[in-house]
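Asks: Need coordinates for the below:
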Amino acid sequence: MVKPSFCSWSGGKDSCLALYKAITQGYTVKYLLTMMAENGKNSRSHGLSGGLLFKQAESLKIKMVQQRSSWENYENVFISTVNNLKEHKIKHGIFGDIDTQAHLDWVIKICHITNIKYFEPLWKYQRENVIKEFLDAGFKGIIVACDVNKMGKNFLGREITTGLVNELYSLGIDAAGENGEYHTFVYDGPLFNGSIDFIKKEIIVRENYAFLELE
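Replies: Take a look at the predicted model:
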């Protein structure tokens, strides 16, 4: 049965694996929805450029929707955007939460308000299994943002590998980054029609987060 859907898209490993699992389970994903900073240049959570996100969408052959917001009006903008997507017969939302209850509660709230069904394919996964499935499936990604109070800036630009996961564990850092320890950019894998080219540029620090600018 066709399940026309959008995927809440960060450009990172969790949303990518959620998209992959949703597609393999019969969901037809028509749109990627990314929330951008107020200037519209970078994504709100991962700091990825709008152009790089469009490159992902082009390679995935899925339409990209980007919406600007502040943290204060984030929810209202998200709800309005989902309601607009419903006009294109979208009936499901795909999300990549793992085990943070507050995140699931927010998704349930949004989907109740907009009257769409949510699908959380990674929910209650063991965190280490998320990374394992991501790598086993053949996806490739790098770290593009990290909490400098928990991780050094030297992790920026590092490839997601089993070795890196073990290194994070040895430092007492959650390897899945579910608590915001780090964020990633996925540039290749089974859903992509070719690897995405990018250039590593400068590191930008905002409050307690460091971001690796990509182009």
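Asks: Specify the beta-bridge partners of Val205.
Replies: Ala210 (DSSP bridges).
Asks: That one: neighbouring residues, count only.
Replies: 10 (other Cβ atoms under 10 Å). C-beta: built from backbone N, CA, C; applies to glycine.
Asks: these two touch, right, it and Asp147?
Replies: No. Using Cβ atoms under 8 Å, Val205 is not in contact with Asp147, being 11.2 Å away.
Asks: now the helices for the chain?
Replies: 13-24, 50-60, 74-86, 101-114, 127-137, 162-170 (DSSP state H).
Asks: okay, and for the protein, where does confidence drop off?
Replies: Scanning the chain with the threshold set as pLDDT under 70 gives 1.
Asks: And the lengthiest strand in the chain, how far out from the chain middle?
Replies: Ranked by number of residues, the top strand in the chain under DSSP state E is strand 27-36. Taking Cα atoms, centre = their mean, to the nearest Å, one finds strand 27-36 lying 11 Å from the centre of the chain it belongs to.
Asks: and Gly138, what is it in contact with?
Replies: Gly138 is in contact with Gly189, Pro190, counting by Cβ atoms under 8 Å, 6 or more residues apart in numbering.
Asks: re the thing from before, for the helices of the chain, please prepare TSV with the additional fields mean neighbour count and distance to Met36.
Replies: Below are the helices of the chain laid out as TSV (neighbours: other Cβ atoms under 10 Å; distance: least, Cβ to Cβ, whole Å):
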stretch	mean neighbour count	distance to Met36
helix 13-24	22	15
helix 50-60	18	6
helix 74-86	16	10
helix 101-114	14	18
helix 127-137	17	24
helix 162-170	14	28
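Asks: Domain parsing of the protein, as residue ranges.
Replies: In terms of domains, the chain is parsed into 3-119, 137-214 (source: automatic domain parsing).
Asks: Figure out how far the longest one is from the centre of its chain.
Replies: So the one you mean is domain 3-119. Remark: domain 3-119 is offset 8 Å from the chain centroid, using Cα atoms, centre = their mean.
Asks: try the last one
Replies: Average the C-alpha atoms of domain 137-214, do the same for its chain, and the two points are 12 Å apart (Cα atoms, centre = their mean).
Asks: For it, give the distance from the opening residue to the closing one.
Replies: The straight-line separation of the ends of domain 137-214 (Cα to Cα, to the nearest Å) is 24 Å.
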